[in-house]
Every structure is written in structure tokens, then in C-alpha cells.
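# Sharing a model that was predicted from the sequence below.
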Amino acid sequence: MWRSDELDSLPIHFILCTERTGSSLLTTMLNMNSSLIVASEEPFALYFSSKYGKILHWNERRINAYVDDFFSLFEKNAALYFEHKDRFTQCLMAHAPILNYDRLIKLTYLNFYDGDIKNKDSIKVILDKQMKYVFHKEEITRLFPSASFLILTRDVLKNIEAKARRGIDFFSHPYYLSNVWKLTYEEALRFPRTQILSFETFISDPEAALKTLNAFWGVPYESAQMNHQAGFSALLAHRSHLLSPEFIKKISDFHRGILDTEPRATQIAVETISQKQQGVILKQTHETSMLLGFANPTIEMTLNPWDSLSWNFYRMLALLFRPYLWSMYRLFPVRLKRIIRRRKKQYTP
């Protein structure tokens, strides 16, 4: 049971990034700290603000409606990463007399990770790793005016090569992926109270990076943070009865990949991008790269009409499938979001 003053004093901070920047490995390590809890990527704090943000009096009916909405919109892996539905409901009901939207959101964050695996009594800081929030600066800074923001980034060529190999975006063309990178970090750099961490720095010395980040968030470093694989294995074993064998194999293979840092630390080849494309990308992203601390060379070249047309075409696609699509989806009412999620789940194994 949390008192109102305890919830009010809990800070919420955010990790802004794009895919293939080491964010899954980082959050696994951070969650091994007894003072930190890092939620999996669920944009509920933004999506529910219009429906629940102004409610001051919470009863059983409203709490049940919120819990149903929350689980209906949970984007991935609820059975692994979130508390049991009944226990979550009981937690909110116990706090009903003191609930407002800010406390509701904090209690939701505190129900990530099974309470039998992670003790929540010592939590001092809540963190949220979220790619979508980078394109909602005004709303996020309004909802969380005292939040700070970690910008987790990676060299543009290495990032888009890693994305292309995994095939995790709408398009794998280097110009599309580099425009996603550029749009993401142009927006991230506009947030207040930022700290920048590069994938390269993190992978080369994770312990030093963790100590710097813990200091940024005001919590002590704990050696258990380097024992991240054991922590994830314990969570997976504890929740295995809720998970299919196929899911356990898939998530285990994924985590073996993210926790095996040595191959990524020595990976230097950019295999899928031509020399001409590399030059165009480095020229078009040079200013953003410099602001992020990358010492990429200045490319002295003039883009021919075809290069300019191709770059701008993929920039429009990147705008369409990232900020424009995500901003439009945020405006949908919760009822419509539930219909979309239900339809998507029909095709999700």
C-alpha cells in the first residue's frame, strides 16, 4: 500500500530511442537495480489521458473499466511483463480513495514485473523506455513536467544496417531507415533535461555507463545490474506457466542475442549499404550526428537530382509511418483503439 505523498514524490523519467540501439539490454540491466523499475514499451500514459486524465473520484466501476482498457491495449507480452490482472485490480481498489490520474499512472508502472520477482517497496525512480513518445513532446512534457530524458542512440550507418538485417521496419531501404533515425533524434534533442548515451559507449563499458545513468537519476549503482541474464531468466521461469513453449523459445533466443554483447562490440562492417548511399546518408545526417556526439566526417558532395528525389521520397515515407501515423493514432478514442487491437490480435500468434 502506497501513501499519496509516497506516490507524489516518485519521479518518472523516460528513455527515448529507436530500434536496435541496445535499449532491451539496457532496460534489463536497469531493472536489476532495487531502486529502479523500467516498464516495457506500453504507451498507456499518453493514450489514456483524454479518457481518464480528469477523473478525481475513482470507484469499482471506473477501476474495472480502466483495467479492461489497459489489458485490451497492451501491445506485447503482458503475461511476461505485467502483474496478474486480479492483483492489479486489487492494487487500484486499495488505493481508490487517493487516486488521481498521476497516481493511477504511477501505480500502473509499479505493477510491471511480478511482485514475487521484484520487490516494489524500495522503488525510488520509475523509468519508461518508449519509442513513440519522442514524437509527442508537448503532451509528454505536459503530463510529466519534471521528467528527464535519456537519449539512447547509435551511429546512423550501424543502426540502419542492423535494422535492415533484422527486417523490423516497414521498409528496409537505407534512405528510409536513415530518415527514421534523423527524425527520431531531431525530435529527441528538443526535449528538456536530456542525457545522451550512445550504443557504442554503452557496449564498450556497460558498468561505467550504468554508474553514469544511475547518478543522473539519483540512485546508487548496484553490482547486480551486471547480472542481468540471471534476473531475466528468473522472471521467465516464474511466469513460464502463463506462456506457450513457442513464446518462451522465441523470447529466450531474443534475449540471448541482446545479452551477447561481444559480437556487436566487434562488428564494424556496414554490409548492406553502397558507398554512394553511405555518402548521401552521412551528408544528410551530419548535423544531427554531431549534436549527438558522433564524429562522422563532413561529406563534400553535391546531391544530383536523382539522389535528392530519392532522399526526399523516403523522407516522406518516414514522416508518414512514424510521426504522422503515431500522432493520428493517439487521437483515436480508446474504444476505437480497442477495436484495432482486437483485430490485430486475430493475426498475432
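Done, it's in. Numbers count the residues shown, from 1 in each chain.

# So which residues of the stretch 51-200 of the chain form helices?
Remark: helices assigned in the stretch 51-200 of the chain by DSSP state H, counting those that start in this stretch are 60-73, 78-81, 85-94, 101-110, 137-143, 156-166, 174-188, 199-204.

# from the chain's centre, how far out does the second one sit?
Between the mean C-alpha point of helix 78-81 and the mean C-alpha point of its chain there is a distance of 16 Å (C-alpha atoms, centre = their mean, to the nearest Å).

# Show me what it is packed up against.
Using 3 or more C-beta pairs under 8 Å, 6 or more residues apart in numbering; DSSP states H and E, no helix or strand is in contact with helix 78-81. From N, CA and C alone the C-beta is placed, and that goes for glycine too.

# Give the next helix or strand downstream of the lowest-mean-pLDDT helix or strand in the chain.
Least confident helix or strand of the chain, by mean pLDDT, DSSP states H and E, is helix 261-266 with a mean of 45. Going down the chain from helix 261-266, the next helix or strand is helix 275-284, by DSSP states H and E.

# Buried residues, that following helix. List them.
The neighbour-count check on helix 275-284 (16 or more other C-beta atoms under 10 Å) flags 277-284 as buried.

# possible to save the helices of the stretch 51-200 of the chain as JSON lines with distance to residue 243 and mean pLDDT?
Output for those, formatted as JSON lines (distance: least, C-beta to C-beta, whole Å; pLDDT from 0 to 100):
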{"stretch": "helix 60-73", "distance to residue 243": "16", "mean pLDDT": "96"}
{"stretch": "helix 78-81", "distance to residue 243": "6", "mean pLDDT": "91"}
{"stretch": "helix 85-94", "distance to residue 243": "15", "mean pLDDT": "97"}
{"stretch": "helix 101-110", "distance to residue 243": "22", "mean pLDDT": "98"}
{"stretch": "helix 137-143", "distance to residue 243": "31", "mean pLDDT": "96"}
{"stretch": "helix 156-166", "distance to residue 243": "23", "mean pLDDT": "89"}
{"stretch": "helix 174-188", "distance to residue 243": "31", "mean pLDDT": "97"}
{"stretch": "helix 199-204", "distance to residue 243": "29", "mean pLDDT": "95"}
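
# want to throw the ones you listed into CSV with distance to residue 301 and mean neighbour count?
Putting these into CSV (distance: least, C-beta to C-beta, whole Å; neighbours: other C-beta atoms under 10 Å) gives the following:
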stretch, distance to residue 301, mean neighbour count
helix 60-73, 46, 16
helix 78-81, 46, 17
helix 85-94, 55, 16
helix 101-110, 47, 21
helix 137-143, 33, 16
helix 156-166, 16, 21
helix 174-188, 15, 23
helix 199-204, 25, 18
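
# Rebuild those helices as TSV, extending it with distance to residue 19.
Shown next, in TSV, are the helices of the stretch 51-200 of the chain (distance: least, C-beta to C-beta, whole Å):
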stretch	distance to residue 19
helix 60-73	21
helix 78-81	18
helix 85-94	28
helix 101-110	22
helix 137-143	19
helix 156-166	6
helix 174-188	9
helix 199-204	11
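
# right, so of those helices, which gets closest to residue 49?
Among the helices of the stretch 51-200 of the chain, helix 137-143 comes nearest to residue 49, with 6.1 Å by C-beta to C-beta.

# quick one: contacts of the closest one?
Counting by C-beta atoms under 8 Å, 6 or more residues apart in numbering, helix 137-143 makes contact with 14, 45-46, 49, 53, 133, 147, 187, 190-192, 330, all of which sit outside it.

# what's the closest of the residues you listed to residue 289?
residue 187 (15.2 Å).

# shouldn't the closest one be in contact with residue 135?
Yes - Residue 187 lies in contact with residue 135 (C-beta atoms under 8 Å); the separation is 5.8 Å.

# Now do the shared contacts for these two.
Common neighbours of residue 187 and residue 135 (criterion: C-beta under 8 Å, 6+ apart): residue 323.

# Endpoint to endpoint, stretch 287-296 covers what distance?
Across stretch 287-296, the terminal residues are separated by 10 Å (C-alpha to C-alpha, to the nearest Å).

# List the contacts of it.
151, 153, 155-156, 182, 185-186, 189, 196, 198, 282, 285-286.

# Going by neighbour count, which of the contacts of helix 137-143 comes out on top?
Neighbour counts for the contacts of helix 137-143 (other C-beta atoms under 10 Å) peak at residue 133, which has 27 neighbours.

# Please report the distance of it from residue 326.
Using C-beta to C-beta, to the nearest Å, residue 133 is found at 9 Å from residue 326.

# Same check on residue 185?
Distance from residue 185 to residue 326, by C-beta to C-beta: 16 Å.

# One more: residue 65?
From residue 65 over to residue 326 the distance is 25 Å, taken as C-beta to C-beta.

# Identify the residues contacting residue 33.
The contact partners of residue 33, taken as C-beta under 8 Å, 6+ apart, are 214, 219, 221-222, 224-225.

# just checking, it is part of a strand?
No - using DSSP: H, G, I helix; E, B strand; the rest coil, the assignment for residue 33 is coil, not a strand.

# follow-up on the earlier one: let me know which of the helices of the stretch 51-200 of the chain is the nearest to residue 297.
With C-beta to C-beta, the closest approach to residue 297 among the helices of the stretch 51-200 of the chain belongs to helix 156-166: 11.6 Å.
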